[in-house]
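Engineer: The following comprises the amino acid sequence and a computationally predicted model.
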Amino acid sequence: MLYAGLDVHKNFCQAIVMTKGGKVVKEDKIGTEQEDIEEFFYGLKNVRIAFEASMYYEYVYEILNGLGYEVSLSHSLKTRLIAESRIKTDKIDAKALADLLRADPLPTSYIPPEDIRKVRHLVRHRIFLGRHRTKLKNHIYSELNHRNLKFCGPDVFTRAGMKWLQGLNIPAINSYLVILDAVLNEVKSVELKIKIEGMKYDEVRLLSTIPGIGVYSALIILSEIGDINRFSSEEKLYSYAGMIPRVHQSGDSSYQGRITKEGSKHLRWILVEALRIHIQCAPDSKVTRYYYRLKKKKPGNVATMAGARKLLQVIYHMLKNQDEYRG
């Protein structure tokens, strides 16, 4: 068996292949094009390959997986804690990955199956569009506030409000409206794809039975969690979501700080958004009552995060048991 480490960058990879005993078989700086990667590994059999999770991992993973190699995605933070060096170069990083892989203490990250990766890209694109839409609306509000202009209606972004905005003939607002119209059309297109995609998964149907969670929210949750059975306990799911408190312990004293935020930021975000709707739609649910009990004695943001974690607990058991929401 051979062991390879790749330090992957946008335009190149630093690659090394070693034996179980640590002898270097091959080492080179290669391009990230498919033919460059295939050429480097040509003729090498029984190779386990590791590289760090990064924004470029999927492309490289799909190439190597397609060639039949066993690929491990290294957990960036945990790998650095084990193998951090005072001297940091691409060669050292690649060798550290290969060393950890052949010694077998390499901390790995979850690689979702191809269909879940596609769903993840789809819903994250919708998240981006939603945030861009909000920014554009805020810019328009800012232009109105600068001129002390107020629309006589509940919402300036209704059909009547948009007509009023166009009638103001303010160049900056007109420009924002053109961009906003394009974004809104794209949102509609993506939401249709999300609706179609959501029909493929039983997990989405189950999660949609929770008040405050629709197909879009359910798909985000599914795409971020993946296979629920990879979590042996709800606490491990909380940790994956970055929703457990930091613990500072020394001697007999122990202090719990803010949540780690070391997991999926998209999962945390959608859980908080779903909680806000849930407490309005289901005022008597266990999650809502838990949230309001905490809110009486804790700051609002602490109660919100705890309520979102409680909602995640419900989700964990629903997915584990394949059971609909029971309140």
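Structural biologist: Structure's in. What do you need? The shown structure was predicted, so the numbers you read here are calculated from the model rather than taken from an experiment.

Engineer: Can you name the residues that contact the residue nearest to residue 218 when sequence neighbours are not counted?
Structural biologist: The spatial neighbour of residue 218 that comes closest, neighbours along the chain excluded (Cβ to Cβ, 6 or more residues apart in numbering), is residue 207 at 3.8 Å. Yep, even glycine has a C-beta here, placed from its N, CA and C like the rest. Residues counted as contacts of residue 207 (Cβ atoms under 8 Å, 6 or more residues apart in numbering) are 213, 217, 218, 221, 222, 315, 318, 319.

Engineer: hey, where'd the helices end up in this protein?
Structural biologist: In the chain, helices defined by DSSP state H lie at 34-41, 57-66, 76-83, 90-103, 114-146, 159-168, 171-198, 202-207, 215-225, 234-240, 265-281, 286-295, 300-321, listed in chain order.

Engineer: Tell me the buried residues in the shortest one?
Structural biologist: What it means is helix 202-207. Residues of helix 202-207 classed as buried by neighbour count (16 or more other Cβ atoms under 10 Å): 203, 204, 206, 207.

Engineer: With the fifth one instead?
Structural biologist: Buried positions in helix 114-146, judged by neighbour count with 16+ other Cβ under 10 Å: 116-117, 119-120, 122-123, 126-127, 129, 133, 136, 139-140, 143-144.

Engineer: Could you do the first one as well?
Structural biologist: If you call a residue buried by 16+ other Cβ under 10 Å, then helix 34-41 has these buried ones: 36, 37, 40, 41.

Engineer: Give me the residues contacting that helix.
Structural biologist: If you take Cβ under 8 Å, 6+ apart as the criterion, helix 34-41 is touched by 4, 13, 15, 17, 26, 28, 30-31, 47, 60, 63-64, 67, 69.

Engineer: Might you calculate how far that helix sits from the centre of the chain?
Structural biologist: Taking the mean of its C-alpha atoms, helix 34-41 sits 30 Å from the chain's own mean (Cα atoms, centre = their mean, to the nearest Å).

Engineer: still on that earlier bit, dump the buried residues of helix 202-207 to JSON lines, plus distance to residue 262 and pLDDT.
Structural biologist: Conversion of those to JSON lines gives the following (distance: Cβ to Cβ, whole Å; pLDDT from 0 to 100):
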{"residue": "203", "distance to residue 262": "24", "pLDDT": "96"}
{"residue": "204", "distance to residue 262": "27", "pLDDT": "97"}
{"residue": "206", "distance to residue 262": "27", "pLDDT": "96"}
{"residue": "207", "distance to residue 262": "24", "pLDDT": "97"}
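
Engineer: ok, residue 101 - contacts?
Structural biologist: Applying Cβ under 8 Å, 6+ apart, the residues near residue 101 are 3, 4, 5, 48, 49, 50, 72.

Engineer: Look up how far residue 103 lies from the first one.
Structural biologist: Right, residue 3. Using Cβ to Cβ, to the nearest Å, we find residue 3 at a distance of 9 Å from residue 103.
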